[in-house]
Structures are given as C-alpha cells and as structure tokens.
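Q: Starting from these lines, generate the structure:
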Amino acid sequence: MGIIHNWSKILLMKIVVFYLALGTLFTHEIDAISSYEWRLLPVLSSMTDQMGMTVFLLLHIPLFAVIVALVASRNIRTRHLSRLVLSGFMLLHAILHIWFSSEPNYGFVSNVSNWLIFGGAGLGAIYLALAFRDYRLSLE
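A: Below you'll find the predicted structure:
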C-alpha cells in the first residue's frame, strides 16, 4: 500500500509540474504579443508590425492545438514522448531567450516575462528529472 501510495503522489506531482510548465509556455506566448516577439523571428521580422503580429498570433492557433492534442493523447507512448519533448523544449526556449536578450528588438524585460520564461524552464527540468526517476525505477 505504501509503495503504491508514494508512486501515485509522485505521478500526480509530475502531472501538475508538467501542466504548470505548459501553462507558463502558453502564458508566455500571450506576453510575447506585448513584447513584440515577432520582431526577433526571421520571416516575421521583415513584415510590418501589424502584419507580423497578426501572423504570429494566428500561427499559435494550430501550434497550440497540436501541442494540446499530443500531450493529452489517449496513446500513452505519444503522450509520454510529447511531454518529454515539450519539457526539453522549455529548457531550449530559455536558452534561446538568453541568446536573443542582447538583440535591440528583445522586449522581454519585465519580471513577469522572465518568470514565465525561466520558471517554465525550471518546471520543464523538474518534469524531466521526475520522468528520469520513473525510468530508473522501471529498470529495477
């Protein structure tokens, strides 16, 4: 009983951590509009601000739909792999923000913006650590 109870608590914690990471990513993308993120992206930066913002915003509709479909898939393997990839992306995403932070068009300067970016990366790292722990335990 104790082992199953501990396992279910860790599973619940892993799920909560993942969805908080996903929430920070989605909220960051809302924040990206006020920070003019499209100005940093190769094709969108060549457009007028109105057109760049519109394309940036509209591209997030299918992007978010695909992400939600994958991470909530009924197929356990698809769901697990998608959550691992997205959690890894959260780390890469933070690195990209560090990389672009010296660009003149970089607009993510508020504490909230940084919390969303780097808090999401931290949550992604926690999820990956918990998933690695699960993997190690499955080998025993």
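Q: so where do the helices sit in this protein?
A: Taking DSSP state H, the helices of the chain run over residues 2-34, 49-71, 76-100, 111-139.
Q: what's the angle between the shortest one and helix 2-34?
A: Spelled out, it's helix 49-71. 170 degrees (axes from the mean of the first three to the mean of the last three C-alpha atoms, to 10 degrees).
Q: Next, the angle helix 76-100 makes with helix 49-71.
A: On the basis of the same axes, to 10 degrees, helix 49-71 is oriented at 150 degrees to helix 76-100.
Q: helices and strands around helix 49-71, which ones?
A: Packed against helix 49-71 by the contact rule (3 or more C-beta pairs under 8 Å, 6 or more residues apart in numbering; DSSP states H and E) you find helix 2-34, helix 76-100. C-beta coordinates here come from the backbone N, C-alpha and C atoms, glycine included.
Q: Give the closest residue to Ala94 in space, chain neighbours not counted.
A: Spatial nearest neighbour of Ala94, excluding adjacent residues (C-beta to C-beta, 6 or more residues apart in numbering): Ala121 at 3.6 Å.
Q: need the contact list for the one you found.
A: Applying C-beta atoms under 8 Å, 6 or more residues apart in numbering to Ala121 gives the contacts Met90, Leu91, His93, Ala94.
Q: Just give me the closest of these to Ser35.
A: Nearest to Ser35 among the contacts of Ala121 is His93, at 13.9 Å by C-beta to C-beta.
Q: in stretch 78-85, what counts as buried?
A: Ser82, Arg83, Leu84 (16 or more other C-beta atoms under 10 Å).
Q: out of the residues you listed, who's nearest Leu59?
A: Nearest to Leu59 out of these is Ser82 (C-beta to C-beta; 19.1 Å).
Q: so how far is Val66 from that closest one?
A: Distance of Ser82 to Val66, given as C-beta to C-beta, to the nearest Å: 9 Å.
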